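K.L.:
Structure of the sequence below:
(chains A, B and C, ligands or ions: 6)
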Amino acid sequence: MSQDPLLSIQDVTVEYTTQGKRFAAISGVTFDIAEGETLGLVGESGCGKSTTGRAIIQLPRPTRGTVQFEGTELTTLPYDQMRQIRQRLQIIFQDPVSSLNPRRKVKDIVAEPLVIAGISDKAEREGRVREVLTAVGMDPDITMERRPHQFSGGQCQRICIARALIMEPKLIVCDEPVSALDVSVQAQILNLLEDMKERYGLTLLFISHDLAVVKNISDRVAVMYLGKFCELASSLRIYEAPAHPYTAGLMATIPTIEAGAQLETAALSGEIPSPLNPPSGCRFRTRCPIAQDKCASDEPQFREIETGHFVACHFPLTGGTA
Amino acid sequence: MPADIAESQPLLEVIDLYTHFDTPRGVAHAVDGISFTLDRGRTLGVVGESGSGKSVLSRTIIDILSHDGSVLYRGKVMFEGRDLRELSQKEMREVRGREIAMVFQDPMSSLNPVKRIGKQITEVLVKRMGMNKASANLRAAELIDSVGIPDPEQQLKRYPMHLSGGMRQRVAIAIALAGEPKLLIADEPTTALDVTIQAQILDLLRKQQRERNMAVILITHNLGIVSGYTDDVAVMYAGKIVERCETQELMNRPRMPYTEALMKSAPLLSDPPHTRLDAIPGLPPNLLNVPDGCRFHERCRYATDRCLTELPDLTADGSSEHLYACWNPLEVKAEALS
Amino acid sequence: MNYFKAKILHLVPVFFLVTFASFMMLNLLPGDLVDAILLDEESSVPSAADRAALEKELNLDKPVIIRYFIWLGNMFQGDLGRSYINTQPVTEALALRIPVSLELMIMAQILAIGIAVPLGLISGYKAGQPIDRGISAGAFAVLAVPLFIMGTVLIWIFAIWWPILPSSGHTDFAKDAWGNIQGFILPALTIGLIEVPVLMRVLRTDLISTLQEDYIALAKSKGMSTRYILFNHALRPSSFTFITILGLQLGNLITGSIVVETLFSIPGVGKLLIDAVDARDEILVQGVITFVALVYVGVNLLVDLMYAVLDPRVAARGA
Ligand SMILES: Nc1ncnc2c1ncn2[C@@H]1O[C@H](COP(=O)(O)OP(=O)(O)OP(=O)(O)O)[C@@H](O)[C@H]1O
Ligand SMILES: Nc1ncnc2c1ncn2[C@@H]1O[C@H](COP(=O)(O)OP(=O)(O)O)[C@@H](O)[C@H]1O
Ligand code: SF4
Ligand code: SF4
Ligand SMILES: [Mg+2]
Ligand SMILES: [Mg+2]
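P.N.:
Ligands and ions are numbered 1, 2, ... in the order given. Prediction:
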């Protein structure tokens, strides 16, 4: 892509302190998102997906590294200017029900960003709330006066999406937006996100632990393991020819209707190590079926093995048929 | 009863089972007229979305719901020819753990946080299998070993908080296996786990099931799991079974529109990116207030007038064992038949 | 172990605060101790020289802050001073009374726990059913009864109407063990019964939520009996608030024992305090308060220790 990316993350590390020990929840994370693109982020629980998403909106500020959004460096931006930027950078969470204030009416919840932005004209606010609720498939006449507990999980997620959309943001970080939903409703929300992306010209960072969901919605996919990126490629390419053994293992373990009875043995043995004490060298080596001595001593670099296909492995798989 | 009859008799036969909850907001029809049979050594998948009554069904079979009058029951649960619902509480206790055991959804909450792992296993061995403490400890270590946890003796002394989610679920399985049950009910045993760990746990269940010739009811909301790990399947919707047959048959020839819709709404790895999903419109019904007629009719693209008023029974075409509850079943595709 | 270090560090200031505040208050109280003592001893008006001598003897000529530190220094050497009135060392007075009060309080706690635990378990297990409603109604009735009335009613029932227990007095344990225990039953029951409703209710509430937990369902699905599940699986995880309340009620327990010791004429610390206050024996009052603060800090540590014993996760979290 010739133009500058909308979002550019360079070498971002976020450290937390747990049980008196400082550890990196993510380290050296680098990626771009182009305007209008959907980047999918997959990985198992605790690998740092949410931390990556939150590093973008500076909650909390990364320990090291740079985050540039529309050419502005966010990590050093004063708080009040960051607040301005946040209108253009929204986030949607996994649990829709608990991310809505149960005591407020839907119209107030959805209008809140407008109030914060200082739009005081009540009629204008109401007009925009109606518009955005209609866009996410909720009937404003029925919805506006009610409170969140009167809605199901899927409906609450629609309300969350409406709240995120009302400021017409550029980028939305979707942190597992469908993980808490039933299969039949999950498809509705995924379709809705695609429609909204079209209508509002959005760029998405879509976080999920479900590879099939991520493949469906993303243009490019990044796979994380223990706080680091292992692989990044176009959605099609990463499924056709996964180069990192972890990506390949993940794919082999998803039970899908297609895989059916072929699933015989778990492709990945062993437990996920603690991020407080990651293995030396390649972090995946304790579970990697093809690990060698080198993997324990040298940390693999995140490098480009073909155009737009990055992988952090000393012995990338070439078995993918393309 | 001659031995061969006992063998040919199904292990579990659930006949027209109802479990309703009397709540302040009305009666919840959680399990509403369910029948199925399960043979020894087979795995039955029960698949349905959340709130369709899967957990209530399993808790009714093993009889751990309340008996204080707030729960209303009807129907039979025949286990090896005995109706479990007719047993006294004391007799039922003999069945639980020994004949039928259970594994729950969330291993973080299904193990007692304040008791050592060892104690949670040995209490079954001592209280139910009549072992003494020493041999129970040995057996517990064997069980821990057989579910793939390293360092069995050490683990017995630890508390659940020291173990990861996957390890806890292994412990839960070891507890269930301790009583050498003939039937294991696993209620969404992997929903709370990561995908790679999920595969390990499902493999473990399958291995144990084969070794022990145990029957398993595997409850899940994931058709992919059903397709990979079960022999037969029952699809639940709003408290009822709406389709029941062999798993391969269901995957190849779904007859009930809800089953088809479920299959189509989940994204497939083989689809190209941005494939539009065939979402099911609307929401699953509220069990306090189920619609008349077919419970799926508000969301069904094949619904006709009859569906609005008449509830279809679970029936089969001719002598087939493929049961479905629908007035307008999907046609069997020509290529599928060949 | 870090967990307990943190707890101790937390409680040390409490101890200093209580002793300091009480020291200040006692000293800022209106009235002049020297006058009180001298007037008591002689009938004539005391001379200025007498006053000065006595003030010097009692360190009363120094600023109050200095006096606190002198007192504190002495306290750490185990010297709480001597009674202004009868010059008996305060520690000696306390040593005589502590065993009596301690026995009373321990018995009261045993009775309270012994009654509250089974009631809480039954009413939590049978929540909403007639037996639970009956127990709850009884608990609310008891809750409405003041300590003083409770004691009187118990005396009336068990000492007068059906005279099986003594209504007052104290027998030395070494002389007559059974008589000693008998003498404590009614006063301990008075304090204990007052505590039962709150204890029982918190246990009931916690038990109801514990019984919803999956691990209880798992225990049932293992075929364990109800009794076993209640005592072996549900009781421990349900007793956090119970233990907390037990610790918090220590204040009530001390107040309770003051009233009860007076009502039943039991020579305990409570009675000592009342007598000391009557006589304006500041140093003795201060000694009793110090002792109570120490007990308070000790019991709180014990409660924290109990948390860690009850739930291994507590100690792990604090580490
Ligand atoms: N505020 C925090 N303080 C300390 N540690 C934290 C904090 N937030 C996250 N972590 C740790 O950082 C690591 C990454 O967490 P993160 O929430 O980003 O994972 P995730 O990939 O989103 O996982 P999940 O799939 O469970 O949502 C984990 O080990 C987590 O325990
Ligand atoms: N103890 C209960 N009291 C009232 N309603 C209940 C109770 N347990 C379950 N239900 C209701 O029964 C229905 C089925 O629940 P469940 O079997 O847990 O669904 P799932 O298929 O997700 O396991 C739900 O509507 C649920 O709200
Ligand atoms: S670097 Fe080595 S251990 Fe890591 S994924 Fe590649 S082969 Fe496996
Ligand atoms: S009975 Fe009617 S509404 Fe129900 S699934 Fe069949 S076609 Fe659809
Ligand atoms: Mg997360
Ligand atoms: Mg369930």
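K.L.:
give me every residue that touches residue A:169.
P.N.:
A:87, A:88, A:89, A:90, A:202 (CB atoms under 8 Å, 6 or more residues apart in numbering or on different chains). The C-beta positions use only the backbone N, C-alpha and C, and glycine is treated the same way.
K.L.:
Distance of the first one relative to ligand 4?
P.N.:
Distance from residue A:87 to ligand 4, counting by CB to the nearest ligand atom, to the nearest Å: 45 Å.
K.L.:
quick one, phi/psi of that residue?
P.N.:
phi -60, psi -30 (degrees, to the nearest 10).
K.L.:
what sits against it?
P.N.:
So residue A:87 contacts A:113, A:116, A:117, A:167, A:169 (CB under 8 Å, 6+ apart).
K.L.:
follow-up on the earlier one: can you redo the contacts of residue A:169 as CSV with pLDDT and secondary structure?
P.N.:
Shown next, in CSV, are the contacts of residue A:169 (pLDDT from 0 to 100; DSSP: H, G, I helix; E, B strand; the rest coil):
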residue, pLDDT, secondary structure
A:87, 86, coil
A:88, 90, coil
A:89, 92, strand
A:90, 92, strand
A:202, 94, coil
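K.L.:
Turn these into JSON lines, columns for distance to residue B:202.
P.N.:
Output for the contacts of residue A:169, formatted as JSON lines (distance: CB to CB, whole Å):
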{"residue": "A:87", "distance to residue B:202": "45"}
{"residue": "A:88", "distance to residue B:202": "43"}
{"residue": "A:89", "distance to residue B:202": "39"}
{"residue": "A:90", "distance to residue B:202": "37"}
{"residue": "A:202", "distance to residue B:202": "37"}
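K.L.:
out of the contacts of residue A:87, who's nearest ligand 1?
P.N.:
residue A:169 (21.0 Å; CB to the nearest ligand atom).
K.L.:
Same question for stretch C:87-105: list its buried residues.
P.N.:
C:89, C:90, C:91, C:93, C:94, C:97, C:98, C:100, C:101, C:103, C:104, C:105 (16 or more other CB atoms under 10 Å in any protein chain shown).
K.L.:
Including secondary structure, could these go into TSV?
P.N.:
As requested, the buried residues of stretch C:87-105 are arranged in TSV below (DSSP: H, G, I helix; E, B strand; the rest coil):
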residue	secondary structure
C:89	strand
C:90	helix
C:91	helix
C:93	helix
C:94	helix
C:97	helix
C:98	helix
C:100	helix
C:101	helix
C:103	helix
C:104	helix
C:105	helix
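K.L.:
Please identify the one among the residues you listed that lies nearest to ligand 4.
P.N.:
residue C:105 (69.9 Å).
K.L.:
show me what contacts the closest one?
P.N.:
C:191, C:253, C:257.
K.L.:
so the last one is in which element?
P.N.:
Taking DSSP states H and E as the definition, residue C:257 sits inside helix C:250-263.
K.L.:
Tell me which entries of the contacts of residue A:87 lie within helices.
P.N.:
Using DSSP state H, A:113, A:116 are the members of these that sit in helices.
K.L.:
Select, from the contacts of residue A:87, the two members most distant in space.
P.N.:
Greatest spacing in the contacts of residue A:87, by CB to CB: A:116 and A:169 (13.2 Å).
K.L.:
Count the residues that sit near residue 123.
P.N.:
Picked chain A for this. 7 (other CB atoms under 10 Å in any protein chain shown).
K.L.:
Correction: the question concerned chain C.
P.N.:
26.
K.L.:
right, and the secondary structure at it would be what?
P.N.:
helix.
K.L.:
ok, residue A:7 to residue A:205 distance?
P.N.:
8 Å (CB to CB, to the nearest Å).
K.L.:
cool, residue C:58 as well?
P.N.:
76 Å.
K.L.:
what about those two, which has more around it?
P.N.:
In terms of neighbours (other CB under 10 Å), residue A:205 is the more surrounded of residue C:58 and residue A:205; the figures are 25 against 18.
K.L.:
Let's have the buried residues of stretch C:87-105 in a markdown table, adding pLDDT and distance to residue C:176.
P.N.:
Output for the buried residues of stretch C:87-105, formatted as a markdown table (pLDDT from 0 to 100; distance: CB to CB, whole Å):
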| residue | pLDDT | distance to residue C:176 |
| --- | --- | --- |
| C:89 | 86 | 29 |
| C:90 | 85 | 29 |
| C:91 | 86 | 27 |
| C:93 | 85 | 24 |
| C:94 | 86 | 24 |
| C:97 | 87 | 19 |
| C:98 | 86 | 20 |
| C:100 | 88 | 14 |
| C:101 | 88 | 19 |
| C:103 | 88 | 14 |
| C:104 | 90 | 17 |
| C:105 | 89 | 21 |
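K.L.:
May I see the residues you listed organised as JSON lines, with distance to residue A:142 added?
P.N.:
Formatted as JSON lines, the buried residues of stretch C:87-105 follow (distance: CB to CB, whole Å):
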{"residue": "C:89", "distance to residue A:142": "80"}
{"residue": "C:90", "distance to residue A:142": "75"}
{"residue": "C:91", "distance to residue A:142": "76"}
{"residue": "C:93", "distance to residue A:142": "76"}
{"residue": "C:94", "distance to residue A:142": "72"}
{"residue": "C:97", "distance to residue A:142": "72"}
{"residue": "C:98", "distance to residue A:142": "70"}
{"residue": "C:100", "distance to residue A:142": "72"}
{"residue": "C:101", "distance to residue A:142": "67"}
{"residue": "C:103", "distance to residue A:142": "69"}
{"residue": "C:104", "distance to residue A:142": "66"}
{"residue": "C:105", "distance to residue A:142": "62"}
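K.L.:
I'd like to know which of the residues you listed is nearest to residue B:275.
P.N.:
Relative to residue B:275, and with distances defined as CB to CB, the nearest of these is residue C:105, at 73.4 Å.
K.L.:
Looking at the contacts of residue C:105, spot the one nearest ligand 4.
P.N.:
Nearest member of those to ligand 4, counting by CB to the nearest ligand atom, is residue C:253, at 66.6 Å.
K.L.:
Now do the closest residue to that closest one other than its chain neighbours against ligand 3, distance only.
P.N.:
Nearest non-adjacent residue to residue C:253, counting by CB to CB, 6 or more residues apart in numbering or on different chains: residue C:105, 5.6 Å away. Taking CB to the nearest ligand atom as the measure, residue C:105 falls 64 Å from ligand 3.
K.L.:
can you check residue A:301 too?
P.N.:
Taken as CB to the nearest ligand atom, the span from residue A:301 to ligand 3 is 10 Å.
K.L.:
Does that residue touch residue A:311 like I think?
P.N.:
No - using CB atoms under 8 Å, residue A:301 is not in contact with residue A:311; the gap is 9.6 Å.
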